[in-house]
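> Kindly return the folded structure for what I paste below:
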Amino acid sequence: MPHSPDTLRFINARIYRSAGDTRPASALVTRKGAVHWVGERQDAPEAGRTIDMQGATIIPGLTDAHVHLFAIANERQQVQLNGSGVCTIADVLRHVSASAKTTPPTQWIRAVGFDENNLAEHRYPMRDEIDAVAPHHPVIIRRFCGHTAILNSAALKLLQIGEGVSDPPSGSFGRSAAGRLDGSAKESAAEAVFRAIPAVDPAAMAASLRETIEDSMRMGLTAAVEAAVGFTCGFDDEFAVWKLLRQESSFSPIRLGFMYQLDPKDAAMRGLTPRPDPDWQAMTLKFFADGIVGARTAAVSKPFADTGSTGFFMREEDDLERVIVEAHLDGWQTATHCVGDRASARVIAAFEKAERALPGQQPRHRIEHYFVPPDGGLARMKALGALIVTQPSFLTRMRRSILEAFGPDAHTKYPARSVIDAGVTYVGSSDAPTGHVSPWIGMANAVDRGASLGSPIGADEALTRRQAVGSYIHGGAFAMSQEDWRGTLVPGMAADFIALDRDPFDASTDLAATNVLMTVLRGAVRHDTLSAAAEMQAGVH
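Just a heads-up that it's a prediction; the model follows:
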């Protein structure tokens, strides 16, 4: 069990009160879950327990402001297709075949983490190829983005998706040149498929979620926002699992925030209203404006370089505007998935209409991703006090897609430094499992713009180390409207902080290789690899 005495003293550390702190302290004292004192060791007050940090660097805890914890937990129970050994279509089929040999006939085989960009063939497996290795099982493969499903014939039959099926609005079923279904489904077609397959066991999911959250804490997260309750397998099924987890008396998670993937009227029908809470906050409704770069479904104004298409909106533009305004009037913060510039421009217009309808609320409406910036968008966002929440690890995870989709214009995509320079709050996050789950890889990508894989994408948009780290500290707390009580290590603020094996602000530090030695949450040591650290009782120096 975590040890949480009334007071703790941490000495022999390099303590940055914030990402902007250039004069670090060497000692910190906590009391009843809050920072009590910060300064030099010789001046530190007495405490019930003293922990020698042996030169480790302490910074405020990190927030992942856009992560799919439920999806990560769900993937832990599925066939994994994102390992280093999955390099070809044959490797994908080998994993499916191995699962078929150990799975009872007719039971679903679910595979996750698929990314064709990592395969030699750079394509999806075809329906017939999956049939050949798993003819008696319904098989569903979920692309790592969560916007595409790939099915075999048994799955199509079970879901009653026949050759004559029509494409739904804002979605499509893939077909061969001859017009036969190839097994792929994108956007709203994929979403319908994910909702139709059998739900996972709630108890098993709760256990997997608990493990996922503990792993997040070990990476330095002291807070996270679940980016869309409902995205993986439907709102009610997912909400039930979260409620089950919360009821566990032994469950003491990181500070959680939730985006509900619901329209305002659907939230009201369920009796849900905006609810601030330091540990279990639900203030946000999540909407999807358009698609993604990988599938070329993002709503852009300039055609994609390789397909000539311009993507589409996920719902009628006027309807999207309506739900954003209604959410604003109901007191919700909104978070809208916008990848293309047409989508972002329309959502910013909806924010402006909402502000005119009910001014002065300062809900800090969010645009998630902001991949292709619209002309004049940043000035309008600043005027609104709206936020941009991005995922810098996309610069490596989606490198091939970005370069092929935008060609010579790729360097203008996924802005970061220009966002900060425009006075708009820039918030770093992972969007895991789509982006890399490690916040340290995200920070490294924000600084080097993906240079680890070749030429940086948009080198002029690179952040400084302090800006990158700050986007996960202050940025995340600000996105949750919690910056007045957490995110800096000064007296009275929450004792949520982490100890690192290196100084992230040192120019020679490899950010991506950072290890978290200790996580302190609500003043309690929750993760500790400094087991050999000298611990002294108060009064021993």
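
> Before we move on, what's the pLDDT of the nearest residue to Asp6 once chain neighbours are set aside?
Distances taken as C-beta to C-beta, 6 or more residues apart in numbering place Gly48 nearest to Asp6, at 5.5 Å, with adjacent residues excluded. Placement of C-beta: from N, CA and C, glycine included. Looking at Gly48, its pLDDT reads 93.

> give me the low-pLDDT residue ranges for the stretch 401-541 of the chain?
Scanning the stretch 401-541 of the chain for pLDDT under 70 picks out the ranges 531-541.

> Kindly recompute the last result at 90.
Applying pLDDT under 90 to the stretch 401-541 of the chain flags the ranges 530-541.

> circling back: any idea how many residues pack against the residue nearest to Asp6?
Here the count is done by other C-beta atoms under 10 Å, and Gly48 has 12 residues near it.

> same question, Ser97
14.

> Ignoring the adjacent residues along the chain, who's closest to it?
The nearest residue in space to Ser97 (C-beta to C-beta, 6+ apart) is Val133, at 3.9 Å.

> Quick check: pLDDT value at that neighbour.
Taking Val133 on its own, its pLDDT is 94.

> wait, what's in contact with it?
The contact partners of Val133, taken as C-beta atoms under 8 Å, 6 or more residues apart in numbering, are Leu93, Arg94, Val96, Ser97, Ala100.

> Tell me how far it lies from His95.
9 Å (C-beta to C-beta, to the nearest Å).

> do Pro202 as well
26 Å.

> Have a look at the two and say which one is more surrounded.
Neighbours were counted for Pro202 and for His95 using other C-beta under 10 Å; His95 has more, 20 against 16.

> which residues does that one contact?
Val79, Gln80, Leu81, Val86, Ala111.

> so where does it fall, helix or strand?
helix 89-102 (DSSP states H and E).

> Against which helices or strands is the following helix or strand past that helix packed?
With elements assigned by DSSP H and E, the helix or strand that comes after helix 89-102 is strand 109-114. Taking 3 or more C-beta pairs under 8 Å, 6 or more residues apart in numbering; DSSP states H and E as contact, the helices and strands that strand 109-114 lies on are helix 69-75, strand 79-80, helix 89-102, strand 139-143.

> Reformat these as CSV; add distance to Ile213.
Formatted as CSV, these follow (distance: least, C-beta to C-beta, whole Å):
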stretch, distance to Ile213
helix 69-75, 6
strand 79-80, 20
helix 89-102, 27
strand 139-143, 21
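
> lowest-confidence stretch among these?
strand 79-80 (a mean of 86).

> elements contacting that one?
helix 89-102, strand 109-114.

> Can you tell me which of those is nearest to His36?
With C-beta to C-beta as the criterion, His36 lies closest to strand 109-114 of those, at 43.9 Å.

> thinking again about what came up before, so which of the helices and strands packed on strand 109-114 gets nearest Leu209?
Judging the helices and strands packed on strand 109-114 by C-beta to C-beta, what sits closest to Leu209 is helix 69-75, at 4.3 Å.

> so how far is stretch 471-480 from its chain's centroid?
13 Å (C-alpha atoms, centre = their mean, to the nearest Å).

> Kindly apply the preceding question to stretch 285-296 instead.
With C-alpha atoms, centre = their mean, you get 14 Å for stretch 285-296.

> For that stretch, list every residue counted as buried.
Leu285, Lys286, Phe287, Phe288, Ala289, Asp290, Gly291, Ile292, Val293, Gly294, Ala295, Arg296 (16 or more other C-beta atoms under 10 Å).

> Can you show me the CA trace of that stretch as PDB?
Output in PDB follows, covering the C-alpha atoms of stretch 285-296 (Å, rounded to 0.1, in the frame of the first residue of the first chain):
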ATOM      1  CA  LEU A 285     -18.700  16.600 -24.700                       C
ATOM      2  CA  LYS A 286     -16.800  15.100 -27.600                       C
ATOM      3  CA  PHE A 287     -17.700  15.600 -31.300                       C
ATOM      4  CA  PHE A 288     -16.100  14.400 -34.600                       C
ATOM      5  CA  ALA A 289     -16.000  17.000 -37.300                       C
ATOM      6  CA  ASP A 290     -14.200  15.100 -40.000                       C
ATOM      7  CA  GLY A 291     -12.000  12.000 -40.600                       C
ATOM      8  CA  ILE A 292      -8.300  11.400 -40.600                       C
ATOM      9  CA  VAL A 293      -5.200  11.800 -42.700                       C
ATOM     10  CA  GLY A 294      -4.400   8.100 -43.100                       C
ATOM     11  CA  ALA A 295      -7.700   7.300 -44.800                       C
ATOM     12  CA  ARG A 296      -7.700  10.700 -46.600                       C
END
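
> quick one on the thing from earlier: turn the contacts of Val133 into JSON lines, including distance to Ala462.
What follows is the contacts of Val133, written out as JSON lines (distance: C-beta to C-beta, whole Å):
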{"residue": "Leu93", "distance to Ala462": "40"}
{"residue": "Arg94", "distance to Ala462": "40"}
{"residue": "Val96", "distance to Ala462": "40"}
{"residue": "Ser97", "distance to Ala462": "44"}
{"residue": "Ala100", "distance to Ala462": "46"}
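
> Are any of these buried, and if so which?
Buried among these by 16+ other C-beta under 10 Å: Leu93, Val96, Ala100.

> with the residues you listed in mind, which one is nearest to Asp501?
Val96 (39.2 Å).

> got the contact list for the closest one?
Counting by C-beta under 8 Å, 6+ apart, the residues that Val96 touches are Val79, Ile109, Ala111, Ile130, Val133, Ala134, Val139, Ile141.

> What segments of the stretch 101-250 of the chain are strands?
Counting by DSSP state E, counting those that start in this stretch, the stretch 101-250 of the chain has strands at residues 109-114, 139-143, 148-151, 171-175, 181-187, 221-229.

> make that the stretch 251-400 of the chain, sorry
Taking DSSP E, counting those that start in this stretch as the test, the strands found in the stretch 251-400 of the chain are 255-260, 280-288, 333-338, 366-369, 387-390.

> most neighbours per residue, which of the helices and strands packed on strand 79-80?
Highest mean neighbour count of these: strand 109-114, a mean of 22 (counted as mean count of other C-beta atoms under 10 Å).

> Parallel or antiparallel, list what pairs with that strand.
Strand 109-114 has the following strand partners under DSSP bridges: strand 79-80 (parallel), strand 139-143 (parallel).

> Could you give the number of residues near Ala513?
Using other C-beta under 10 Å: Ala513 sits among 11 other residues.

> Ok, Pro253 next?
21.

> doesn't Trp242 make contact with it?
No - Pro253 lies out of contact with Trp242 (C-beta atoms under 8 Å); the separation is 10.4 Å.

> which regions of the stretch 201-350 of the chain lie under the pLDDT threshold?
In the stretch 201-350 of the chain, residues with pLDDT under 90: 201-202, 231-234, 248-253, 295.

> of all the helices and strands packed on strand 79-80, which lies closest to Thr7?
Across the helices and strands packed on strand 79-80, closest to Thr7 is strand 109-114 (C-beta to C-beta), at 44.5 Å.
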